[in-house]
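Chemist: no sequence for this one, just the structure:
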């Protein structure tokens, strides 16, 4: 399948969370769109080398308990660093993007509710301008999805997707 | 009506496959998918102008058709019925995404006329690089179509790709015959603007 | 049917929808209106070119996967409907699916879905996330999926991906909210302070663009 996003530019700046001189832009409320759930997505860097950690100061995510411990059961690494995180509505009528990082991000199309508050999803994991994998999934509460991504330095990038209780 | 794929004497007919699908036979439905996926994908691709989305929408069309099988009455051909579903799925998606035509032809603008004396036939000479020119022309055509509004893209695909009669296009959209012809006219004018150098005589 | 406007006449002439008399009358105008003649012939040539370059049938990329995905989805639909009818969960309900008429008629991929669901039927306790199917366009990449009960997570492992260069600075973003503008086909994403940090939109070709806000 031919690569697209040929005009993609990813030279955005990450707005610093603290000590910003400029005032935050006013939040513009828009029309509420129907949703089929709310997800938390994160990009994690897993490594055994503490000196390779980036120093990202992302807060821990309290709704997904023991995340590091659970990741360690699947991926053979000692350190798990949250590089970025994104909380996102899953729109019923439109595609939803989960972009914790420009390196690895996800497009989600809802296929409607599943039982027990779950949701049927069509997922596409993207790396810059290429689709790495397409998947049909049922995402259920308290049951995260761990996606093993590309190697980086001596470790690995991992994408975590979690259906929030909202 | 869009022409159905002709059935070889040894092939199972659409009617048989549909009846079996209606009882829940997914393997029979799989044969129908294989039989018509090329036509359906082509239609969604020409409308959507994006390979990945067209692929997903073509799938959606078949899944919608599966869900709607209980309502299929066998009075029209299966492909005609499937085609209508696929068209509606694609066109609804297109309208939702509101991909705007760039430089949409405006009735109030001076009509763009091709220079007098321009050669009618496209440059179809027999130069050794004809294949390359054909590929380039194909690419230019795709790009020009991508710039059309959903409404104009729709009539071009239905007429030039599917070969539907004006009445069939009007019934599918739905709109009046006059609207079909007007949209065809302006869509072709728009395309002509994009592609005018292809059809001009080299002086 | 007579259509008086010149635009409609032109369209009908290009498409061969005029009868003999109409065509003769229209073409008679070419002698005295060279601009019309040029426009008509050019448009007709372009129309022919469109038909030549817009095939009515195209090869579907990853055709087998295309079919498999459909089979998986419609099997899932059938399972959901059966479950809704019979209610309840657990093995007794799951085994009843074996008696459904469509089960015997399901294709291979569909049986895999049924098998997976039978192995992991819903219970009264927590239900797991499920990967029903996955496909990696790059043939060097293998996608494996399983549920790790110790991690209480469903895993999708992608093996064979090219490594990110070690010198690349991989950084993250913190997005707390996004807003969709359907008319613009765009999504704007905001951090916890309400500052817009990212926008995803589409270009005229429908390709996605990610841009700084």
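Modeler: Sure thing, it's come through. Only a predicted model underlies this, so the values are computations on that prediction, with no experimental measurement involved.
Chemist: Low-confidence regions, chain B specifically.
Modeler: Within chain B, the ranges that satisfy pLDDT under 70 run B:1-10, B:97-132, B:199-203.
Chemist: Could you pick out the residues of it near chain A for me?
Modeler: Contacts of chain B with chain A, taken as CB under 8 Å from any CB of the partner chain, map to B:50, B:51, B:52, B:55, B:56, B:96. From N, CA and C alone the C-beta is placed, and that goes for glycine too.
Chemist: Could you find the residue nearest the spatial middle of the chain?
Modeler: Since you didn't name a chain, this refers to chain A. In chain A, the centroid-proximal residue (CA atoms, centre = their mean) is residue A:41; its distance is 2.7 Å.
Chemist: To clarify, I was referring to chain C.
Modeler: Centroid check for chain C by CA atoms, centre = their mean gives residue C:66 as the closest residue, at 10.4 Å.
Chemist: which SSE is the closest residue to that one other than its chain neighbours in?
Modeler: Spatial nearest neighbour of residue C:66, excluding adjacent residues (CB to CB, 6 or more residues apart in numbering or on different chains): residue C:60 at 5.2 Å. Using DSSP states H and E, residue C:60 maps to neither a helix nor a strand.
Chemist: and the gap between residue C:60 and residue B:81?
Modeler: 20 Å (CB to CB, to the nearest Å).
Chemist: sorry, back to before: how about the nearest residue to the residue nearest to the centre of chain A, chain neighbours excluded?
Modeler: According to CB to CB, 6+ apart, the nearest residue to residue A:41 is residue A:98 (3.6 Å).
Chemist: my guess is that neighbour meets residue A:161, correct?
Modeler: Yes: the criterion here is CB atoms under 8 Å, and residue A:98 meets it with residue A:161 at 7.0 Å.
Chemist: where in chain C is pLDDT low?
Modeler: The low-confidence ranges in chain C, as defined by pLDDT under 70, are C:1-4, C:80, C:82-126, C:183-184, C:203-207, C:213.
Chemist: Kindly report the domain assignment for it.
Modeler: C:6-53, C:63-159, C:177-211 (automatic domain parsing).
Chemist: Tell me which of these lies nearest to residue A:54.
Modeler: When these are ranked by distance to residue A:54, counting by CB to CB, first place goes to domain C:177-211 at 18.2 Å.
Chemist: Quick one: end-to-end length of that closest one, please.
Modeler: 16 Å (CA to CA, to the nearest Å).
Chemist: do the same with stretch C:175-194
Modeler: Termini of stretch C:175-194 sit 9 Å apart (CA to CA).
Chemist: Residue A:52 is in contact with residue A:81, isn't it?
Modeler: No: contact criterion CB under 8 Å: residue A:52 and residue A:81 do not qualify, at 9.2 Å.
Chemist: Show me which of those two is the more surrounded one.
Modeler: The residue with more neighbours, out of residue A:52 and residue A:81, is residue A:81; 20 against 15, by other CB atoms under 10 Å in any protein chain shown.
Chemist: could you measure that one against residue A:54, distance?
Modeler: 6 Å.
Chemist: Please enumerate the shared neighbours of these two.
Modeler: By CB atoms under 8 Å, 6 or more residues apart in numbering or on different chains, residue A:81 and residue A:54 have these common neighbours: residue A:45.
Chemist: ok now do the residue nearest to the centre of chain C, which residues does it touch?
Modeler: Neighbouring residues of residue C:66 by CB under 8 Å, 6+ apart: B:33, B:37, B:55, B:58, B:59, C:60.
Chemist: now swap in residue C:160 and tell me
Modeler: C:138, C:140, C:141, C:142.
Chemist: now the residues you listed: which count as buried?
Modeler: residue C:141 (16 or more other CB atoms under 10 Å in any protein chain shown).
Chemist: If we check chain A, which of the contacts of residue C:160 are in contact?
Modeler: C:138, C:141.
Chemist: what would the contacts of residue C:160 look like in a markdown table with distance to residue B:143?
Modeler: Below are the contacts of residue C:160 laid out as a markdown table (distance: CB to CB, whole Å):
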| residue | distance to residue B:143 |
| --- | --- |
| C:138 | 27 |
| C:140 | 31 |
| C:141 | 31 |
| C:142 | 36 |
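Chemist: Make a markdown table out of the contacts of residue C:160 and add secondary structure.
Modeler: Output for those, formatted as a markdown table (DSSP: H, G, I helix; E, B strand; the rest coil):
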| residue | secondary structure |
| --- | --- |
| C:138 | coil |
| C:140 | coil |
| C:141 | coil |
| C:142 | strand |
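Chemist: from the contacts of residue C:160, which is closest to residue C:211?
Modeler: residue C:138 (26.2 Å).
Chemist: Over to that closest one: give its phi and psi.
Modeler: Dihedral pair for residue C:138: phi -80, psi 120, per degrees, to the nearest 10.
Chemist: so what's it up against?
Modeler: A:130, A:132, C:160, C:161 are the contacts of residue C:138 under CB under 8 Å, 6+ apart.
Chemist: so of those, which ones are in strands?
Modeler: A:130, A:132 (DSSP state E).
Chemist: Show the residue spans covered by the helices in the chain.
Modeler: Since no chain was named, I'll use chain A. A:67-74 (DSSP state H).
Chemist: Chain C was what I was after
Modeler: Under DSSP H, chain C gives helices at C:6-14, C:20-32, C:34-53, C:63-86, C:90-97, C:101-105, C:108-119.
Chemist: what do you get for chain B?
Modeler: Using DSSP H, helices in chain B cover B:14-22, B:26-48, B:51-68, B:78-97, B:130-146, B:150-156, B:166-172, B:177-199.
Chemist: ok and the fifth one relative to helix B:177-199, angle-wise?
Modeler: Going back to what we said before, that points to helix B:130-146. Counting by axes from the mean of the first three to the mean of the last three CA atoms, to 10 degrees, helix B:130-146 points 140 degrees away from the direction of helix B:177-199.
Chemist: Could you list the buried residues of helix B:130-146?
Modeler: Buried, per 16+ other CB under 10 Å, within helix B:130-146: B:137, B:140, B:141, B:144, B:145, B:146.
Chemist: May I ask which two of the residues you listed are separated the most?
Modeler: It's B:137 and B:146 that sit farthest apart of those, by CB to CB, at 14.9 Å.
Chemist: Distance-wise, check the spatially most central residue of chain B relative to chain C.
Modeler: The C-alpha lying nearest the average C-alpha coordinate of chain B belongs to residue B:157 (CA atoms, centre = their mean; 3.1 Å). According to CB to the nearest CB, to the nearest Å, residue B:157 stands 7 Å off from chain C.
Chemist: State the number of residues packed around the residue nearest to that residue when sequence neighbours are not counted.
Modeler: Using CB to CB, 6+ apart and skipping residues adjacent in sequence, the residue nearest residue B:157 is residue B:46, 4.6 Å away. Other residues within reach of residue B:46 by the criterion other CB under 10 Å amount to 26.
Chemist: so residue B:46 makes contact with residue B:159?
Modeler: No: contact criterion CB under 8 Å: residue B:46 and residue B:159 do not qualify, at 11.4 Å.
Chemist: wait, what's in contact with residue C:162?
Modeler: residue A:150.
Chemist: actually residue A:105, not the one I typed
Modeler: A:97, A:98, A:99, A:125, A:126.
Chemist: gap between the last one and chain B?
Modeler: Pointing back at residue A:126 there. 11 Å.
Chemist: Could you check the pLDDT of that residue?
Modeler: For residue A:126, the model assigns a pLDDT of 93.
Chemist: re earlier: now the helices of chain B in TSV, with distance to residue A:136?
Modeler: Shown next, in TSV, are the helices of chain B (distance: least, CB to CB, whole Å):
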stretch	distance to residue A:136
helix B:14-22	21
helix B:26-48	16
helix B:51-68	10
helix B:78-97	18
helix B:130-146	28
helix B:150-156	28
helix B:166-172	30
helix B:177-199	36
